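*Asks:* Provided below are the primary sequence and the corresponding predicted coordinates.
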Amino acid sequence: MIETTGLTKVFDGTVAVDHLDLSVDPGEIVGLVGINGAGKTTFLRMLAGIIQPTEGKVVIAGHALEGDAVKARAELAFVPDTPMLFDSLTVQEHLVFVSDLYGVTDREARFGALLEEFDLGERRHATASSLSRGMRQKLAICCAFLHDPVALLLDEPLTGLDPPGRKRMARAITARAASGSAVIISSHQLEFVEKLATRMAIVHKGQLRLSGSLEQLRQQAEHDGTTLEDVFLAAIGSDQSGETS
Amino acid sequence: MSHSGWEGMGSLLLLARMSAKARARHLMKSLRQPKRLVLLIVGLGMVGFFVFAQQQDSGGNPMFAGDKGDVILPLFLSFFFISTAVGAVANGSLVFTPPEVQFLFPAPIGTRALLFSRIGSSSFKSGTAALIFTLFLRPQGAPMWRVAVGYLLLFETLVLVSIAVDLCFMGKPRKLRRRWALLWAAVVILVAGVTVGVSRAQLGGWSADVFVPLGIVARPWAAVLTAPNPGLDLGLCAVVMALLLWRILGFARPIREQASETSEFVQQKLQRMSKGVVIPDKPREKTSGRVIPSLPRWGGAGPHIWRQFSVLRRKGMAFGMLIAFTLLMGGVLTFVGDDPRPQVGVGAMLGMLLFMGPMYVTCDFRSDYDNLAWLRSLPSSNTALAAGQILASALVLFGVQLMLTGWIVFAVPAGQRLWWVAGFLLLPFLNVIQLCVENGAYLLYPFRLDYTRGPPGAVEMGRMYALMLAKMLTLAAALGLAALPGLGVGWFLGNPAAGLALSALALVLETCLLVTIVGRIFRRVDPSRDLGQ
């Protein structure tokens, strides 16, 4: 569903992502964790087609992002850490724009369900510029979920969300995965990742350090820590542990 | 414990020194990019050309020539004084950058020191403005160095006036300040109107002399710029500036709350301008809920055109100003110009809409600075996306052109009608070609005029000149290349209609090619590197 082979990005001689191979199957939720500057966001942006890889290949639902870009992008949705919205468009107009672009047919029913799911119904006619940080995040997520993407890429999806919003978000992601989407979540909220993800991928210095369930990570890291945080700190080495606090 | 108000001045001076160093470092670093270096050379070349031209021609700007210059220059400067004062009442002028508000406002820094640092930071901008004005608006016969000093004095005084006015209204709610500003503006308009009315009644026509009393407020500064021996006027300017400075530094009440509010308000405005929009509309918060009907998908272009139209109906200030300027210019040329025929006015309006329109109507990549990264993840081909973005602006522009000038087809004699119709048929292509150059340049050189850092420099000026040149060259090349095969075939077959059809086809193909090129450029942009996104 999502497959990367040897994905690499070099910025002015600095290797941000270094030959990263990752495969995510339908229904799987992969939690991407790493310290600041590990290359998580660059990796997700390459998957979303926003930045071009220096080397390597991305395949989304059988379509190569390089050769069959429009079809590949039609199957994915990306929610960045800072929501990108059009300030002068209303909540409803964002949904109309996205549904027209992705060819969503039963849009009115979907709008209603999504706005209710993310508690945005009352703000339907408000412009994006008038929304709070959390509401903007919710709207970006509504836009991403609208066309039932096969591949869902979420970069720090909890930023700005209140506790009920986080709970809704966790429920929504699990539901999308259950319906067959392949999901990648990048987050520093290790408890959230541990709870939600079916598989974790620890990225360090642009490379995939460890990948698997929490139990598999423990074995790979040769560490008997109880939480993802313990295993993560062991995997990246003690010299870096201060950066994650 | 007594406070002098100058506490923390040493720290502010250190900050100013470090900021200046950082600015210089930033400039030097940015010049490592070849495109910036080229633009700097173009910008400096143009400035050098103007300086050289000014030295060759001692005439200066003809607008301020002869007797009428004695009236127009003080009037012109008075306009600056009045608009500065009205602006200071309405919006405030004590503007600090977000880091300054964050670090300096809670720190043990005295009010006088803060005000002094604000005046100091404005002086840098005054210097740049004085240089630009000296180059373009030098009164005839006046030496350059004295004009530069005169403009510097003028802009420094304007800074002091705006701060003094803002301090006078310190603590007043924004609504009340706006009301005062409107009142001031209304009084000025009323006085000007009465003056003109009296002039017409008493003199039976126009006389510029009646405006002399209106220009009296700026007369000393005008005299520094023009008078052969401006010693007394120079002294008068210095006294006024000293009085203003004394008033400002003697201000005892707290300024931080109001200043932070003004800073936030102005920073938001500057940020909107920095994104490349000519007139920074504030987005509306509430809407009627009505949504304009969707367009067909057209490979992904339709939703983008729809989106741009939806945005435009809430952000029409730039659009409205373009229409107002055009109507004003067309009206003046049509009814009071030397050759008062509608064709002259309409021709001028079309010229302005053709060359200035693409700068004002920005329903394309230029209004999507924050969302370029998102646009790249959407399922539209590069060409469809570029077409959607550019067509939105082109359609709006063509609509304005038709609305304001289309009536000329019915007003001209029958013999001229066909030429005008042909001209109107050509317009959409000319619009798209220019918009392609504007958007291509925006995407290739995606740096903005960062008003929050300071006034535009030589690099930005170079960019403006290079863009204007590129637009003219592309238009000329496109029209020339389209005309050549048509002329050849028309001559060879002896059939002008066939030649015209071939030229039209060539123009369509060229336009499509340019849109495709813009699409490719968009795909090439790296938002993480070029835009910091």
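*Replies:* In hand now; what should we look at?

*Asks:* what number of residues lie near residue 37?
*Replies:* Reading this off chain A. A:G37 has 13 neighbours, counted by other C-beta atoms under 10 Å in any protein chain shown. No exception for glycine: its C-beta is placed from N, CA and C like everyone else's.

*Asks:* if you could check chain B rather than the one you did, that'd help
*Replies:* Applying other C-beta under 10 Å, I find that B:L37 has 14 neighbouring residues.

*Asks:* tell me the contacts of it?
*Replies:* Contacts were defined as C-beta atoms under 8 Å, 6 or more residues apart in numbering or on different chains; by that measure B:L37 touches B:L31.

*Asks:* Quickly find the element holding it.
*Replies:* Here B:L37 sits within helix B:34-56, counting by DSSP states H and E.

*Asks:* One more: A:L154?
*Replies:* Going by DSSP H and E, A:L154 is in strand A:151-155.

*Asks:* What's opposite the residue positioned nearest the centre of chain A in the beta bridge?
*Replies:* Per C-alpha atoms, centre = their mean, the C-alpha nearest to the average position across chain A is that of A:L154, at 1.7 Å. Going by DSSP bridges, A:L154 is paired in beta bridges with A:V79, A:I185.

*Asks:* Isn't it up against A:S181?
*Replies:* No: look at A:L154 against A:S181 with C-beta atoms under 8 Å: they stay out of range, at 10.8 Å.

*Asks:* Get me the contact residues on the stretch 101-250 of chain B for chain A.
*Replies:* For the stretch 101-250 of chain B, the contact set with chain A under C-beta under 8 Å from any C-beta of the partner chain is empty.

*Asks:* which residues of the stretch 101-250 of chain B score low on pLDDT?
*Replies:* Within the stretch 101-250 of chain B, the stretches with pLDDT under 70 are B:196, B:199-211.

*Asks:* Now stretch B:501-513: buried residues?
*Replies:* In terms of neighbour count (16 or more other C-beta atoms under 10 Å in any protein chain shown), stretch B:501-513 has its buried residues at B:L502, B:S503, B:A506, B:L507, B:E510, B:T511.

*Asks:* Stretch B:167-184 now?
*Replies:* By neighbour count, with 16+ other C-beta under 10 Å as the criterion, the buried positions of stretch B:167-184 are B:L167, B:F169, B:M170, B:R177, B:W180, B:A181, B:W184.

*Asks:* which one of the residues you listed is nearest chain A?
*Replies:* B:R177 (23.3 Å; C-beta to the nearest C-beta).

*Asks:* Now do the SS call for A:I50.
*Replies:* coil (DSSP: H, G, I helix; E, B strand; the rest coil).

*Asks:* Just give me the neighbour total for it.
*Replies:* A:I50, neighbours per other C-beta under 10 Å, totals 23.

*Asks:* Does it touch A:F78 like I think?
*Replies:* Yes: with contacts counted by C-beta under 8 Å, A:I50 reaches A:F78, the gap being 7.4 Å.

*Asks:* which residues are common contacts for the two?
*Replies:* In terms of C-beta under 8 Å, 6+ apart, A:I50 and A:F78 are both contacted by the residues B:W374, B:S377.

*Asks:* about what we covered before: tell me the mean pLDDT for the helix holding B:L37?
*Replies:* Mean pLDDT, helix B:34-56: 79.

*Asks:* Show me which residues of that helix are buried.
*Replies:* Buried-residue list, helix B:34-56, by 16+ other C-beta under 10 Å: B:R36, B:V38, B:L39, B:L40, B:V42, B:G43, B:M46, B:V47, B:Q54.

*Asks:* Show me what counts as buried in the helix or strand just after it.
*Replies:* Going down the chain from helix B:34-56, the next helix or strand is helix B:66-91, by DSSP H and E. Within helix B:66-91, the residues scored as buried using 16+ other C-beta under 10 Å are B:69-78, B:80-82, B:84-91.

*Asks:* And helix B:66-91, what does it pack against?
*Replies:* On a contact count with 3 or more C-beta pairs under 8 Å, 6 or more residues apart in numbering or on different chains; DSSP states H and E, helix B:66-91 meets helix B:144-168, helix B:174-203, helix B:212-215, helix B:219-226, helix B:256-274.

*Asks:* Check the buried residues of helix B:34-56 one by one and keep those near chain A.
*Replies:* Within the buried residues of helix B:34-56, nothing lies near chain A by C-beta under 8 Å from any C-beta.

*Asks:* Quick check: the two most widely separated of those?
*Replies:* Distance extremes for the buried residues of helix B:34-56: the farthest pair is B:R36 and B:Q54 at 26.7 Å, using C-beta to C-beta.

*Asks:* Run a quick neighbour tally on A:A126.
*Replies:* Other residues lying near A:A126 total 20 when counted by other C-beta under 10 Å.

*Asks:* Got the confidence number for it?
*Replies:* So, for A:A126, pLDDT stands at 91.

*Asks:* Likewise for A:P83?
*Replies:* Predicted confidence (pLDDT) for A:P83: 88.

*Asks:* Now it. Its backbone dihedrals?
*Replies:* phi -60, psi 130 (degrees, to the nearest 10).

*Asks:* ok, so what distance separates B:A478 from A:T198?
*Replies:* 56 Å (C-beta to C-beta, to the nearest Å).

*Asks:* Same drill for these two, tell me which one is more crowded.
*Replies:* Shown here are B:A478 and A:T198; by other C-beta under 10 Å, B:A478 has more neighbours (23 against 15).

*Asks:* doesn't B:V432 make contact with the more buried one?
*Replies:* No: if you go by C-beta under 8 Å, B:A478 and B:V432 don't touch, sitting 9.8 Å apart.

*Asks:* For B:L333, give me the pLDDT.
*Replies:* 62.

*Asks:* If you could redo that for A:S99, that was the one I meant.
*Replies:* On the pLDDT scale, A:S99 gets 93.

*Asks:* can you check B:A422 too?
*Replies:* At B:A422, pLDDT is 87.

*Asks:* What of the one 3 residues further on?
*Replies:* At B:L425 the predicted local confidence, pLDDT, stands at 90.
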